[in-house]
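> Here is the input, now give the coordinates:
(chains A, B, C and D)
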Number of protein chains: 2
Amino acid sequence: MQIGELAKRGGCDAETIRYYEREGLLPAPARSASGYRRYEQAHLEQLAFIRHCRSLAMSLADIRRLLAYHQHPSPAPCDDINALLDAQIGRIHQQIASLQRLEQQLLTLRARCDAPHTVADCGILKTLEGAASGEGCVCHDAPSRD
Amino acid sequence: MQIGELAKRGGCDAETIRYYEREGLLPAPARSASGYRRYEQAHLEQLAFIRHCRSLAMSLADIRRLLAYHQHPSPAPCDDINALLDAQIGRIHQQIASLQRLEQQLLTLRARCDAPHTVADCGILKTLEGAASGEGCVCHDAPSRD
DNA sequence: TGCAAACCCTGTAGTTACTATAGGGTCAAG
DNA sequence: CTTGACCCTATAGTAACTACAGGGTTTGCA
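Residues are numbered from 1 along each chain as shown, chains lettered A, B, ... in the order given. Alright, predicted model coming up:
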């Protein structure tokens, strides 16, 4: 199949596939006489593997490592794979916690302007200005006292 | 004060300050005879404003808009500022939801390998490979049935 | 006076995972 | 024989910095 069909079946676009090839995540396929890439079923499976991992927000570097294990299944223990997953889960967990703190801070700031005001009189802007000149700010001081 | 001191007081480093100047977020300061940037108190306040907004994960584009309101306080209504905050809150909220789904998927996948295995026998890797060849995958199919 | 450390300057390239564009070649249908 | 849909390479852009390379300046100390 040509790159366009692989792209459609893999749920990404052709540029992305060429990018993965350049990055060494997909092997360079055979070419037709005119230089078009010609892919086999195995390429589709590898692309699906990559896209699936990407949908789990794994980095291309991590995916490269997983692909290496996939291509050279070894009798060594799989601790490394587990550690990779654990690190990924840890990162996501931390991101969630930090975004939740952020959301609280933003909601606190947002509450400073509930009724319609003028720009010159906007509680949000005033709070931001106050924080800039060294006053403690509601958004970072008040809510998350951890 | 010189750029190094501004950086220390503003909690960022000198490169970042030069970057903000290039991006038009900080006005170009006066220069000494030898070309060193010389900052005033007002610069520190503006930098603090920017860094505070950044700590709320606002984009530089949004911060630029807030700075404009700050510099030209107008009698117009502040709807725009409120809308900016609401959009920011919405984005963060969606990110949290999507990361929470992700975390569940990763935990489900992680559960496929609880005991120590060999790489060739790792439940995580097998699950990823299965998903790549078209089988439904636990991580995306099982948990979040919304 | 000489020197070294600690500053500062500009300009450019790197980061992530793509996406978009320019400027071309190929192929099948009508 | 032309039109449209496809393909190719190479390069630049995205966000918000960060990290050089390759230089100049200032300050303190011997």
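> any chance you could map the helices in chain A?
A:3-10, A:14-22, A:41-55, A:60-71, A:79-110, A:123-132, A:138-141 (DSSP state H).
> which one is the one residue in chain A that gets nearest to DNA strand D nearest to, not counting chain neighbours?
Closest residue of chain A to DNA strand D, Cβ to the nearest atom of the strand: A:Gly4 (2.7 Å). C-beta here means a position set from N, CA and C on the backbone, and glycine is covered the same way. In this structure, A:Gly4 finds its nearest non-sequential neighbour in A:Ala14, 5.8 Å apart by Cβ to Cβ, 6 or more residues apart in numbering or on different chains.
> returning to what we had before: buried deepest among the helices of chain A, which one?
Of all the helices of chain A, helix A:123-132 has the most neighbours on average by mean count of other Cβ atoms under 10 Å in any protein chain shown, namely a mean of 20.
> C-alpha coordinates for it, PDB please?
Taking Å, rounded to 0.1, in the frame of the first residue of the first chain, the C-alpha atoms of helix A:123-132 are listed here in PDB:
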ATOM      1  CA  GLY A 123     -11.000  42.700  40.400                       C
ATOM      2  CA  ILE A 124      -9.000  40.200  38.400                       C
ATOM      3  CA  LEU A 125      -6.700  42.700  36.900                       C
ATOM      4  CA  LYS A 126      -6.200  44.500  40.200                       C
ATOM      5  CA  THR A 127      -5.400  41.200  41.900                       C
ATOM      6  CA  LEU A 128      -2.800  40.400  39.300                       C
ATOM      7  CA  GLU A 129      -1.300  43.900  39.600                       C
ATOM      8  CA  GLY A 130      -1.200  43.600  43.400                       C
ATOM      9  CA  ALA A 131       0.600  40.400  43.200                       C
ATOM     10  CA  ALA A 132       3.100  41.900  40.800                       C
END
